Structure formats: structure tokens, C-alpha cells
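Colleague: Next one to model:
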Amino acid sequence: MKYIGPILIVSIVLVMSGCGTAGKNFNSSKVKSIVNGTTTQADIKKIFGEPFKTGLQNGKIIWIYENHHYSIINKNTSKDLIIILSPDGIVESHQFTSN
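Modeller: Residues are numbered from 1 along each chain as shown. Just a heads-up that it's a prediction; the model follows:
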């Protein structure tokens with residue numbers, strides 16, 4: 001019984017400092033090096049590594065890099081890079097967002 005108070009306090013502190021992460025971090029300063037119509041799929045892989053998600057949209061390859069960090073106490077942060085590749089592996093378009 002004498003341990004209930006300290007256990008309760010520790011539990012509250014742990015819950016309030018809870019956080020979560022989704023995706024994997026990537027170097028967002030390198031986004032400016034992407035040139036639509038020129039940069040290749042191999043270039044993207046060298047710069048950013050393996051994408052967090054891949055998919056198809058209208059027959060085109062999509063690579064998604066994302067990193068989201070959620071925290072109860074600190075500010076949430078997120079960044080997303082979406083790259084659309086032509087069937088021959090050239091970047092057709094890309095979009096980067098962050099907060």
C-alpha cells in the first residue's frame with residue numbers, strides 16, 4: 001500500500017511524456033536537388049535511401065518518404081516527400097511538406 005503513491009506519480013509522468021514516431025527520418029535539405037524530368041529513381045535512392053512506402057498511381061510509381069513525431073508535451077513535427085516516377089524511372093513530379 002505504501003508504494004501506490006510513488007507508482008501513481010511515475011505512471012502519470014510516463015503517460016504525459018508519451019510520444020510516438022511513424023516513418024523514418026530523411027534529409028529534407030536534399031529535396032532541392034530533385035529536378036523533375038532529370039533526376040532518376042536511382043538518384044533518389046542514393047540521396048534518400050529506401051522509401052517508407054511505395055505504390056502505383058495511374059501506372060506510375062510513387063515513392064513516399066515520411067517522418068512524423070507525435071508528443072503530448074512537445075510540438076508535433078512531420079515531413080513528407082512524395083515522388084512520382086515515370087515508367088522509365090525518371091522523376092515526373094515531387095512534393096515536400098513539413099510543419
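
Colleague: longest strand of the chain?
Modeller: Taking DSSP state E as the assignment, the strand of the chain that covers the most residues is strand 60-71.

Colleague: Below-threshold pLDDT in the protein: ranges please.
Modeller: For the chain, the stretches flagged by pLDDT under 70 are 1-3, 5, 8-18.

Colleague: Which strand residues bridge the residue nearest the centre of it?
Modeller: For the chain, Glu66 is the residue whose C-alpha lies nearest the centre (C-alpha atoms, centre = their mean; 1.5 Å). With DSSP bridges as the criterion, Glu66 is bridged to Asp80.

Colleague: Pull the contacting residues for it.
Modeller: Ala22, Gly23, Phe52, Lys53, Ser78, Lys79, Asp80, Leu81 (C-beta atoms under 8 Å, 6 or more residues apart in numbering). (Each C-beta comes from the backbone N, C-alpha and C, glycine too.)

Colleague: If we use 6 Å, what do you get?
Modeller: Gly23, Phe52, Asp80 (C-beta atoms under 6 Å, 6 or more residues apart in numbering).

Colleague: Buried among these? Make that a PyMOL selection.
Modeller: Provided next is the PyMOL selection string for whichever of the contacts of Glu66 are buried by 16 or more other C-beta atoms under 10 Å:
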select buried, resi 23+52+80
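
Colleague: what are the ranges of the strands in the chain?
Modeller: 19-23, 53-57, 60-71, 77-85, 91-98.

Colleague: and those, which is most packed in?
Modeller: Neighbour counts averaged per stretch over the strands of the chain are highest for strand 77-85, at a mean of 18; criterion: mean count of other C-beta atoms under 10 Å.
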